[in-house]
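Peer 1: make a model of this:
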Amino acid sequence: MIVIGIDLSGPANHKDTVAAAFSVKENQLSFIESINGASDQDILSLAGRYLGKEKVAIGIDAPLSYQDGGGDRAQDKALRSVLKEGGLNGSSIMTPTMTRMVYITLRGIQLSRMLKNLHGDPEIVEVHPGAAIGLRMSSPDLALKYKKDAAARKAVFNWLTEQYFLDLPHTIADTTHAIDACGAALAAWHYAAPDGDPVWVYEKTSAAHPFVMCC
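Peer 2: I've put the predicted structure just below:
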């Protein structure tokens, strides 16, 4: 199985988008390649290199739907509660239509549908990398700090390589976006693998909300 994690930014902000591809080996994710500053076409090309050859699971860190009428979706409320219970920052779950999120939501919706139209039928899930990382750690402290603190980010990188990843380049620790792409892949892998063990899953889907959310 190939797993792709995507930390998505708005459509006019490619520089903060990172997509990373991994293969599953010996119950770990083995690094294949990553793209910094990824455009939609870069991501479609990345997925297309593996689709049709083996199963592909894609975790996207962005809302892939919105609530008609605005406000939180049911899955936003549920994950926010899980984060708070786990000692993490529930405010990191933002309403898809709020000003800070609406362009990411727009790109997430468009990109997810374009990916689903590719030959090979990838399995796509909406993910929250901070939750995927923080809820698996024995202490949430590092997960609360890594987006702003380089030392914490390095510690999270070391933890990822010790627990789940093979051959991660040290440059992954340079930005939060690269770390989050790994977190997105981790969540997607644990959901899509036959013996996977996601920490949390919201599986109720509908025409308006067609993708599972997990971490």
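Peer 1: from here on, just use CA atoms for contacts and neighbour counts.
Peer 2: OK.
Peer 1: tell me which residue of the protein is furthest from the middle?
Peer 2: Gly69 (25.7 Å; C-alpha atoms, centre = their mean).
Peer 1: list the contacts for that residue?
Peer 2: Listed by C-alpha atoms under 8 Å, 6 or more residues apart in numbering, Gly69 has no contact partners.
Peer 1: buried set for the helix or strand of the chain with the lowest mean pLDDT?
Peer 2: None of the helices or strands of the chain scores lower by mean pLDDT, DSSP states H and E than helix 141-145, at a mean of 90. Of the residues in helix 141-145, those buried by neighbour count under the rule 16 or more other C-alpha atoms under 10 Å are 142-144.
Peer 1: list the contacts of that helix.
Peer 2: 88-89, 130, 133-134, 152-153, 155-156.
Peer 1: tell me which element Leu51 is part of?
Peer 2: Using DSSP states H and E, Leu51 is not contained in any helix or strand.
Peer 1: ok, it touching Glu123?
Peer 2: No: with contact defined as C-alpha atoms under 8 Å, Leu51 does not reach Glu123; the gap is 10.5 Å.
Peer 1: now the contacts of helix 141-145: which count as buried?
Peer 2: 88-89, 130, 133-134, 152-153, 156.
Peer 1: strands of this protein, residue ranges please.
Peer 2: 2-7, 18-25, 28-36, 56-61, 123-127, 165-166, 201-202, 213-214 (DSSP state E).
Peer 1: same list (these) but as TSV, adding mean neighbour count and mean pLDDT.
Peer 2: What follows is the strands of the chain, written out as TSV (neighbours: other C-alpha atoms under 10 Å; pLDDT from 0 to 100):
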stretch	mean neighbour count	mean pLDDT
strand 2-7	29	98
strand 18-25	23	97
strand 28-36	18	98
strand 56-61	28	98
strand 123-127	26	98
strand 165-166	20	97
strand 201-202	18	98
strand 213-214	26	98
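Peer 1: need the ones you listed in JSON lines with distance to Met114, can you?
Peer 2: Below are these laid out as JSON lines (distance: least, C-alpha to C-alpha, whole Å):
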{"stretch": "strand 2-7", "distance to Met114": "14"}
{"stretch": "strand 18-25", "distance to Met114": "16"}
{"stretch": "strand 28-36", "distance to Met114": "18"}
{"stretch": "strand 56-61", "distance to Met114": "13"}
{"stretch": "strand 123-127", "distance to Met114": "11"}
{"stretch": "strand 165-166", "distance to Met114": "28"}
{"stretch": "strand 201-202", "distance to Met114": "23"}
{"stretch": "strand 213-214", "distance to Met114": "18"}
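Peer 1: spit out the contact partners of the spatially most central residue of the chain.
Peer 2: Closest residue to the average C-alpha location of the chain: Ala184 at 2.5 Å, with C-alpha atoms, centre = their mean. Taking C-alpha under 8 Å, 6+ apart, we find Ala184 in contact with 4-7, 59-61, 127-129, 132, 215.
Peer 1: how far away is Pro198 from Trp189?
Peer 2: 8 Å (C-alpha to C-alpha, to the nearest Å).
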